[in-house]
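Asks: please find the sequence and the predicted model below.
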Amino acid sequence: RTSRAAFCQPDPVSALFSRRALDVSKYSTVSEAAETQKPASNIASHNGTKPTSVGDTSTIASENAGATAELASNKDGRTSTKGNYIRFVQSVRGRTPKTRAEGSSPSSAVSRRQMNSHIPIKVNGEIVYFEPLHLRDSCPCDRCIHPSTKQRTFETAQIPLDITAKSITAGEDSFTIEWAKDIKGFEGHTSTFSTSYLQKLTTVQLGSKPADPAYYWDKSAFEKTNHWISYDDYMNNPEVFRSAMMQLNRYGLLFLRGVPEDTESVSRVATQIGPIKNTFYGPTWDVRNIPNPKNVAYTNVDLGFHMDLLYLVQPPGLQFLHCMKNELPGGESLFADSFYAADVLRKTSKPDFDFLAESWMTFGYDNDNQMYTATRKMINLSGKSKDRIIDINYSPPFQAPFWDISNGLPKNTYTRRAESMKRFKSLLEDKKNIFELKMKPGECVIFHNRRVVHARRAFGNANAESGGDRWLRGCYIDSDVAVSKFKTLNIY
């Protein structure tokens, strides 16, 4: 269509033409010697015209929306020999491009619409076909993104569907597009994109970023990490705090020493990362043995591995537990990496891993005039390949019935699930995989609630005469709060 900018098709279709696709060389190394052999002025277009150099960069002029382009050139008319530049190509007119080059695979075929309307850019060695509307919608300038609020000043639905590039100017580490048929009131608008911003446009992470399997841990591996930090450094030393957050992001478990033994300390520890999550337990809460408890945590019995509040639509991301007292016999705290256990299960019994990854599990709380339920997969995987673990949902005390009977017919789903869960449980509870300690007053633990399972050994009854007790203060923050902190520290 003559009403749209047309850009040359890159490999494998580029064999049909004499030009190559727009190339951001920051991400794809180009032979400088080969590029400097020809002056830019000798590169003729398909319709017999020659591109026109302007200063240190080249401009694509397309008055009739049939885009033309040339290599970025320097002042003497030759192509740039610097490491970072962007190359544009002459569009093809007057011929119908083929959708697949001879000998190429079907997966390499590109539609005629893509060839004639999309802007091909090589990012990290891979051709990405950007729609003009996509780039216009992603404009980062102060006119489109308010400089103070950082919110957009226009809506995607306002962009004309036939928007196209009127001209493109290439720089060494960016390119600028002047738009034709832009939003009403934005006439003559230009957008400048840096190569780093282009990379962001092609690597936006949808949902949670999976943990790196290199940091899955058993007891031996975790003991080698730098998992203790002083409260004073945590609160007052930015460099040490960043290191602590890196430990927390990688391994999901961090301990503090020297925390003041007052009831507000756990709040100060949490808000150093971000706002506290308020639940029906309150913004902060106490874990101790009380009469007529509404939660198994408020007893002194053995409490097996679990995760907290999986019956909420958005369970907590990080949990904080500050030890105030722990004089009674027993009461040791146990932690294990559920990602490590799941990874071992995948390697040793993949059918069980796959079954749990596809099984939906319901969690519930129905007590004290509170009723919550949520259903989620036990092992949540990411991406099309399903190779990375995003989070795990494991909380036996709060499991609800599966309600998995269809039409009254007998099924073996329940039995099959129990069989797979037995294998997973045995891995979690393997002594080689458990980090155990008896927390002392003034110590605080922070852990990823959807990765690190926690447990507690039974402990004795409080002694009124000696004043002995086991008392922890706790609170939560949401996952997106933690991720926000990790991102601002450039560790996510």
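Replies: The structure has been received and is ready for your questions. Numbers count the residues shown, from 1 in each chain.
Asks: all helices for the stretch 201-350 of the chain, in order.
Replies: If you assign secondary structure with DSSP state H, counting those that start in this stretch, the helices in the stretch 201-350 of the chain sit at 219-223, 231-236, 238-251, 265-271, 338-348, 350-358.
Asks: give me the contacts around the fourth one.
Replies: Surrounding helix 265-271, the residues in contact under the criterion CB atoms under 8 Å, 6 or more residues apart in numbering are 231, 234-235, 256, 259, 276, 283-284, 318, 320-322, 444, 446, 473-477. Where you see a C-beta, it was placed from the backbone N, CA and C, and this is true even at glycine.
Asks: residue contacts, the residue nearest the centre of the chain?
Replies: Computing the C-alpha centroid of the chain and ranking residues by CA atoms, centre = their mean puts residue 209 first, at 2.9 Å. Residues touching residue 209, when contacts are defined by CB under 8 Å, 6+ apart, comprise 483, 492.
Asks: any idea how far residue 331 is from it?
Replies: 35 Å (CB to CB, to the nearest Å).
Asks: cool, residue 363 as well?
Replies: 26 Å.
Asks: need the helices of the stretch 201-350 of the chain in a markdown table (columns: mean pLDDT and distance to residue 313).
Replies: A markdown table is the format used below for the helices of the stretch 201-350 of the chain (pLDDT from 0 to 100; distance: least, CB to CB, whole Å):
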| stretch | mean pLDDT | distance to residue 313 |
| --- | --- | --- |
| helix 219-223 | 98 | 31 |
| helix 231-236 | 98 | 31 |
| helix 238-251 | 97 | 24 |
| helix 265-271 | 98 | 21 |
| helix 338-348 | 97 | 21 |
| helix 350-358 | 94 | 21 |
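Asks: in the stretch 101-250 of the chain, where is pLDDT below threshold?
Replies: Low-confidence segments of the stretch 101-250 of the chain, defined by pLDDT under 70: 101-116, 204-208.
Asks: one more: the stretch 301-450 of the chain?
Replies: Within the stretch 301-450 of the chain, the ranges that satisfy pLDDT under 70 run 383-384, 402-411.
Asks: ok, now with 80
Replies: Within the stretch 301-450 of the chain, the stretches falling below the threshold (pLDDT under 80) are 383-386, 401-414.
Asks: now do the strands in it.
Replies: Assigned strands in the stretch 301-450 of the chain, in chain order: 303-306, 318-326, 333-337, 360-367, 370-377, 379-382, 388-392, 434-437, 444-448 (criterion: DSSP state E, counting those that start in this stretch).
Asks: to residue 294, which of those strands lies closest?
Replies: In terms of CB to CB, the element of these nearest to residue 294 is strand 360-367, at 5.3 Å.
Asks: residues making contact with the closest one?
Replies: Contacts made with strand 360-367 from outside it, assessed by CB under 8 Å, 6+ apart, are listed as 294, 310-311, 371-378, 393, 395, 398-403.
Asks: switch the cut-off to 10 Å
Replies: For strand 360-367, the surrounding residues in contact (CB atoms under 10 Å, 6 or more residues apart in numbering) are 280, 293-295, 307, 309-312, 315, 371-379, 393-404, 417, 421.
Asks: quick one, which of the residues you listed are buried?
Replies: 295, 307, 309-312, 315, 372, 374, 376-379, 393-395, 398-400, 417, 421 (16 or more other CB atoms under 10 Å).
Asks: would you mark the buried spots in stretch 170-177?
Replies: 170-172, 174-175, 177.
Asks: thought residue 389 was touching residue 343?
Replies: Yes. In this structure, residue 389 sits in contact with residue 343. The criterion is CB atoms under 10 Å, and the distance is 7.3 Å.
Asks: and those two? Which one has more around it.
Replies: Each of residue 389 and residue 343 has its neighbours counted (other CB atoms under 10 Å); residue 389 has more, 24 against 16.
Asks: now the more buried one, nearest residue through space, not along the chain?
Replies: The shortest distance from residue 389 to any non-neighbouring residue, by CB to CB, 6 or more residues apart in numbering, is to residue 339 (5.1 Å).
Asks: show me what contacts that neighbour?
Replies: With CB under 10 Å, 6+ apart as the criterion, the residues that contact residue 339 are 210-213, 215-217, 251-252, 379, 388-392, 448, 450-452.
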